[in-house]
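In: fold the stuff below for me.
(one chain, ligands or ions: 1)
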Amino acid sequence: MSETPAAIEARGLTKVFAGPAGETVTAVAGLDVSVPLNRTVGLLGGNGAGKTTTISMIVGLLLPSDGSLRVLGRDMRHERHLALARMNFSSPYVDLPHRLTVRENLVVYAHLYGVRDVRGRIRTVAEDLQLTGLLNRPAGKLSAGQKTRVALAKAMLNDPVLLLLDEPTASLDPDTGDWVRGYLDRWRRRVGATMFLASHNMAEVERLCDEVLIMKAGRIHDQGPPADLIARYGRRTLEEVFLDIARRPDEAAPA
Ligand SMILES: Nc1ncnc2c1ncn2[C@@H]1O[C@H](COP(=O)(O)OP(=O)(O)OP(=O)(O)O)[C@@H](O)[C@H]1O
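Out: Next up, the predicted model:
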């Protein structure tokens, strides 16, 4: 084992939900995942594969039913607060309070995160994410692209070394999506952070990720750098690899 802890280390990570008719739904089934520091790792999988449940456990929103989970070297059962202080999460599916302005939202989160220089930090993240002109607008009156940038600004407030993203560019037009991807890539390289992102956008994953984990029915079906996966499956793009896996469900991954 290396001396430096991984950013995320999951062993046998499992989440079982109670279904609507009292049945059990195993959303995540014994996941073993290791995400090294200073890398971008993508989580792919069809609808219902278990991506959001996995990310929710890593960010401490859901308690695992079984298995162990260490984030930034901290055991998430006992030292969750120490890991959470150094990480953050952004998703277009998590709405900010609509009637508060962008600035008010960021002030609330900055206090929650214990940011020391709240005004200075908000000024910096607003400049980085081109939000300065929107700070006094109610969050509920923003476009999808503007909301995505505000959600990212919220996630940057505590200077995270680990950023988790659920569909970072969902519902954005190609130009705005491209800007967000460029921003994330530049930010990660500048500060040497780790990103872990779930996405349905294969071009995004190919562009951003050093390593890809492909989930199917709560398990890791295959993994590797995008170029290696493409070569191993004899395909031209990650999208073709994804379709290959999705359409031939019972076949094992090629060696
Ligand atoms: N709170 C819950 N209660 C019961 N079942 C749930 C709950 N949350 C998720 N599930 C089930 O767990 C499985 C995995 O869901 P999850 O949202 O993690 O998948 P996903 O890969 O993120 O899918 P998508 O790409 O559609 O967002 C699905 O079968 C889903 O119905």
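In: tell me the bridge partners for the residue nearest the centre of the chain.
Out: In the chain, the centroid-proximal residue (C-alpha atoms, centre = their mean) is residue 165; its distance is 2.3 Å. With DSSP bridges as the criterion, residue 165 is bridged to residue 90, residue 197.
In: any idea how far it lies from the ligand?
Out: Note on residue 165: its distance to the ligand, by C-beta to the nearest ligand atom, to the nearest Å, is 13 Å. C-betas here are computed from N, CA, C, even on glycine.
In: pretty sure that residue is touching residue 93, no?
Out: No: if you go by C-beta atoms under 8 Å, residue 165 and residue 93 don't touch, sitting 11.3 Å apart.
In: what segments of the stretch 101-250 of the chain are helices?
Out: Listed in chain order, the helices of the stretch 101-250 of the chain (DSSP state H, counting those that start in this stretch) span 102-112, 118-128, 144-156, 174-191, 202-208, 226-232, 238-247.
In: what's the closest of those to the ligand?
Out: helix 238-247 (11.9 Å; C-beta to the nearest ligand atom).
In: now check that closest one, is it near the ligand?
Out: No: Helix 238-247 lies apart from the ligand when judged by C-beta under 6 Å from any ligand atom; the minimum separation is 11.9 Å.
In: buried set for that helix?
Out: Neighbour-count burial for helix 238-247 flags 238, 239, 241, 242, 244, 245 (criterion: 16 or more other C-beta atoms under 10 Å).
In: average pLDDT across it?
Out: Averaging pLDDT along helix 238-247 gives 90.
In: return the alpha-carbon coordinates of that helix using PDB.
Out: Extracted as PDB, the C-alpha positions of helix 238-247 are listed here (Å, rounded to 0.1, in the frame of the first residue of the first chain):
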ATOM      1  CA  LEU A 238     -16.100   5.700 -25.300                       C
ATOM      2  CA  GLU A 239     -19.700   6.100 -26.400                       C
ATOM      3  CA  GLU A 240     -19.300   2.900 -28.600                       C
ATOM      4  CA  VAL A 241     -17.700   1.100 -25.600                       C
ATOM      5  CA  PHE A 242     -20.700   2.200 -23.400                       C
ATOM      6  CA  LEU A 243     -23.200   0.900 -26.000                       C
ATOM      7  CA  ASP A 244     -21.300  -2.300 -26.400                       C
ATOM      8  CA  ILE A 245     -21.600  -2.900 -22.600                       C
ATOM      9  CA  ALA A 246     -25.200  -1.700 -22.400                       C
ATOM     10  CA  ARG A 247     -26.500  -3.800 -25.300                       C
END
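In: contact partners of it?
Out: With contact meaning C-beta atoms under 8 Å, 6 or more residues apart in numbering, helix 238-247 is reached by 44, 46, 202-203, 205-206, 212, 214, 216, 221-222, 226, 229-230, 233, 235, 253.
In: from the residues you listed, list the buried ones, please.
Out: If you count burial by 16+ other C-beta under 10 Å, the buried members of the contacts of helix 238-247 come out as 44, 46, 202, 205-206, 212, 214, 216, 221-222, 226, 229-230, 233, 253.
In: list just the nearest of those to residue 104.
Out: Nearest to residue 104 out of the buried ones among the contacts of helix 238-247 is residue 205 (C-beta to C-beta; 34.4 Å).
In: what count of nearby residues applies to the closest residue to the closest one other than its chain neighbours?
Out: Leaving out its chain neighbours, the residue that sits closest to residue 205 by C-beta to C-beta, 6 or more residues apart in numbering is residue 42, at 4.1 Å. Residue 42 is flanked by 27 other residues according to other C-beta atoms under 10 Å.
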